Each structure stands twice: as C-alpha cells, then as structure tokens.
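> Below are the sequence and a predicted model for it; my questions follow.
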Amino acid sequence: MNLPNRNAQVRLRRQRDGLPDAGDFQMGDGPVPEPGDGEFLVRTIYLSLDPYIRKAIRGDHPGHAVLSAGDVIYGRAVARVVKSRHAGVKQGDYMVAETGWQSYAVLTPKKIVQRIDPAMGPLSTAIGVLGMPGLTAWGSIAHLAPPTVGDTYVVSAAAGPVGGTVGQLAKIAGARVVGIAGGKEKCDVALRTYGFDACIDYKKDGWEQALQLACPNGIDIYHDNVGAPLLMKLVAYFNLYAKVVMCGRPGDYHSGEFGGLSPGPFIGKRAQLRGLVVYDYEKDLPRYLRVASTLLREGRLRFKEDHADGIEDTPGHFLKLMRGENVGKAIVAVGPEKG
Ligand SMILES: NC(=O)c1ccc[n+]([C@@H]2O[C@H](COP(=O)([O-])OP(=O)(O)OC[C@H]3O[C@@H](n4cnc5c(N)ncnc54)[C@H](OP(=O)(O)O)[C@@H]3O)[C@@H](O)[C@H]2O)c1
C-alpha cells in the first residue's frame, strides 16, 4: 500500500433521519494539510467504524455537534504521526485519535484517544479488543455485572467486538456463555473463534426453544448490545435477581427513539438493570490493556475483524454495519502501517 499524496475525505452530503444510504455521503479531496505551532499531522491507517457514529452525525452523542452538509464525518482511527510541531508528540508515534473519515488530519493533543504501544498487539486491535470496544466489555465485566463461576451469561450481537470480548471475559471468569447473533456465520465466530458454549441464531425459527435448551438453569446475567425488543423476550428466562447491562440499541440510533421496554416483568424477576457508558472507565484503560494484551498473547482472548480496503469504501462498509451485516469489528484499512 502506497502513502497517499492527497487528503481524501468522506463528507456528509445530506442530514436526515432513518437508515443511512449511499446518497448521504460524498467524497472530497484536498492537499495534505500542514500542522501549525502546537499541532501535529497524522496519517490514517485503520479507520474505526462504530454504531455510535450514526448518533454522532445527528448530534445525538456526547461531544459531537450535529454535522452539516460538507462536513467530514466523525471517526476515530489508528494513526501515525507524520510531522509534529508539538513537544509531546513525536514523528512516528502511533495513536488512536479523532481523525474523522480522511486520510490525513492536523490535530492537537486533545484529539488523542489513546497512545499505542505496538508491542501490545496488532495495531488494528487498538480500535477493537485493545481499544474502546474492549474497554466497554471490561466495564461490563469488571464493574457493572461481574460473573461468578457457574453463572449463565448471555450476550447479544455476540460476533461483534463488544459482544465477543465480553463473552470471552465472562468465560474466563467461569461462566457458561451463550451468545445470540444474527446468522450462522456470526454464530460460527462466537463458537469457533471466541469459544462460547453455545450461540443462538435469532433469525432462525425456534430460536427461543434453542435458547431455553442452551440455558437449562436460566439466565443470570445478560449483556444487552441490541435493545428493547430482544430484552423483552429474554426476561422470561431470567432467574430471580438477574442482572442486565444495557450497553446499546443500534436499531434506535437512526431516530433517537427508544421504545418497547415495560417494567412489569423486570419487577417480577427483581432484576437489576444497569446502564453502561464506556467513558466512565477511561481511567481503567491501562489496567484493562495489561490484562487483555496478556490474554491476547496467551491466545486466551481472540478477535475477529471485518476489513474494507481504501477510504472510498468507507461509506459502503459503514452502511453494512448499519444494516447489522458486519461480522466482527468493522475497520477500513486506509494506509500502510509503516512509513
Ligand atoms: N454504552 C457504551 O458506552 C458503548 C460503547 C461501545 C459500544 N456500545 C454499543 O455496543 C453494541 C455493540 O457494539 P459493537 O461495536 O461491538 O458493534 P457490532 O456488534 O460490531 O455491530 C452491531 C451489531 O448489532 C446487531 N444489531 C441488532 N439490531 C441491529 C440493527 N437494527 N441495526 C444494526 N445492527 C443491529 C448486529 O448483530 P446481530 O446480527 O448479531 O444482531 C450488528 O452486527 C452497540 O449497540 C454499540 O452501540 C456501547
């Protein structure tokens, strides 16, 4: 892969509610920008596509103002410093930064999300298992609902970076882990790559019976990545005092509405529902990275990535994520790791 000599960008073409489509985005292009005093220039290597970006575009996510037509789309990436005019940032440094969807960005240190030590794992994992999605899983397991030996632990969107990591950490803690995912390919990832005890394809007829068979002792903890409709079905199989970690609801990100949750069944089960926001655990990132990179090296923590190649493929890959068709962490490879 050659170093890009222009700054290719993906910009918003129009702002609207609903499932995005290809007409919402347009490609832009400009010269590679120059950093000023106190700034540095980074080159994008791996662009992270995440469900929250849909909310951010609409201005419905912390720290993100609503985008207007012509604005570069928000996003984080594994990036390398090309030129620096800031004393604390060196040429050649790797980092996860708020670059936006573009091949180069001029930044200040406020836009650094995480410095990367390349010895910890493959660079791309800094936006997956060794990054924000992994830390989300850690927040759930270490802080909100720690499983104990013999618990039955259920997780939805089981093939994704949050679901896959949370389920593996629950298994390491001694739980029986049952994934729920859309389709055979995703269930194969949950079973073969992540080593879950069972995985239920909720798109198949009879999935509720299959879930009951996979959870003969009922459900103790549910990590919810998908929101109300599935949660309302699963509560029937909860044990008394079951815990739910409410992490995401991707189907509702297009409109901002969150319907369909009624409290009665949760009261009956004396369930505890806890909301998760990953930003609460930022201070715990170094501890998480020490634990997770060791597990990764030992082969006890695994990951699955779904790559697109080239910045012009970003909108298409994002739309795939929006339709729930990604199998693993959605990433766009924009530029080479070296150079
Ligand atoms: N609260 C926080 O701080 C925080 C931080 C990070 C992530 N999250 C949330 O955690 C969840 C998992 O994140 P991730 O990065 O690991 O995502 P992901 O699993 O790679 O992708 C989202 C998955 O959600 C499922 N899904 C169900 N209904 C969907 C719908 N209507 N539209 C699109 N997808 C749908 C799909 O899997 P199936 O086909 O298997 O259902 C899809 O592949 C997301 O909801 C995300 O927003 C929350």
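Everything's here; your move. On a predicted model such as this, the values are computed, not experimentally measured, just so you know.
> where's the residue lying closest to G23 once chain neighbours are set aside relative to the ligand, distance?
Of all residues not flanking G23 in the chain, R13 sits nearest, at 6.5 Å (CB to CB, 6 or more residues apart in numbering). In short, each C-beta sits where N, CA and C put it, glycine included. R13 sits 21 Å away from the ligand, taking CB to the nearest ligand atom, to the nearest Å as the criterion.
> Contacts only, for R13.
With contacts defined as CB atoms under 8 Å, 6 or more residues apart in numbering, R13 is in contact with G23, D24, F25, Q26, A69.
> How about L47?
Residues near L47 by CB under 8 Å, 6+ apart: G75, R76, A77, T99, W101, I311, T314, I331, V332, V334.
> now do 6 Å
G75, A77, V332, V334 (CB atoms under 6 Å, 6 or more residues apart in numbering).
> For the third one, list each beta-bridge partner.
Spelled out, that is V332. As for beta bridges, V332 partners with L47, A308 under DSSP bridges.
> residues in the stretch 51-200 of the chain within reach of the ligand, list them.
Neighbours of the ligand within the stretch 51-200 of the chain, by CB under 6 Å from any ligand atom: 51-52, 133, 136, 157, 159-163, 181-182, 186.
> Just the ones of those residues in helices?
The subset of those located in helices under the criterion DSSP state H comprises Y52, P133, T136, P161, V162, G163, K186.
> measure the most centrally placed residue in the chain to G92 for me?
Averaging the C-alpha coordinates of the chain gives a centre point, and the residue nearest to it by CA atoms, centre = their mean is P133 (4.3 Å). Separation of P133 from G92 (CB to CB, to the nearest Å) stands at 26 Å.
> Can you say which helix or strand has the closest residue to the ligand within the stretch 201-339 of the chain in it?
Nearest to the ligand in the stretch 201-339 of the chain, going by CB to the nearest ligand atom, is G248, at a distance of 1.9 Å. Assessed by DSSP states H and E, G248 sits outside every helix and strand.
> residues in contact with it?
When contacts are counted by CB under 6 Å, 6+ apart, G248 is found next to N225.
> Over to P31?
The contact partners of P31, taken as CB under 6 Å, 6+ apart, number zero.
> now do 8 Å
R6, N7.
> Please apply the same query to Y153.
In this structure, Y153 makes contact with P147, G167, A170, K171, A175, R176, V177, V178, D220, I221, Y222, H223, judged by CB under 8 Å, 6+ apart.
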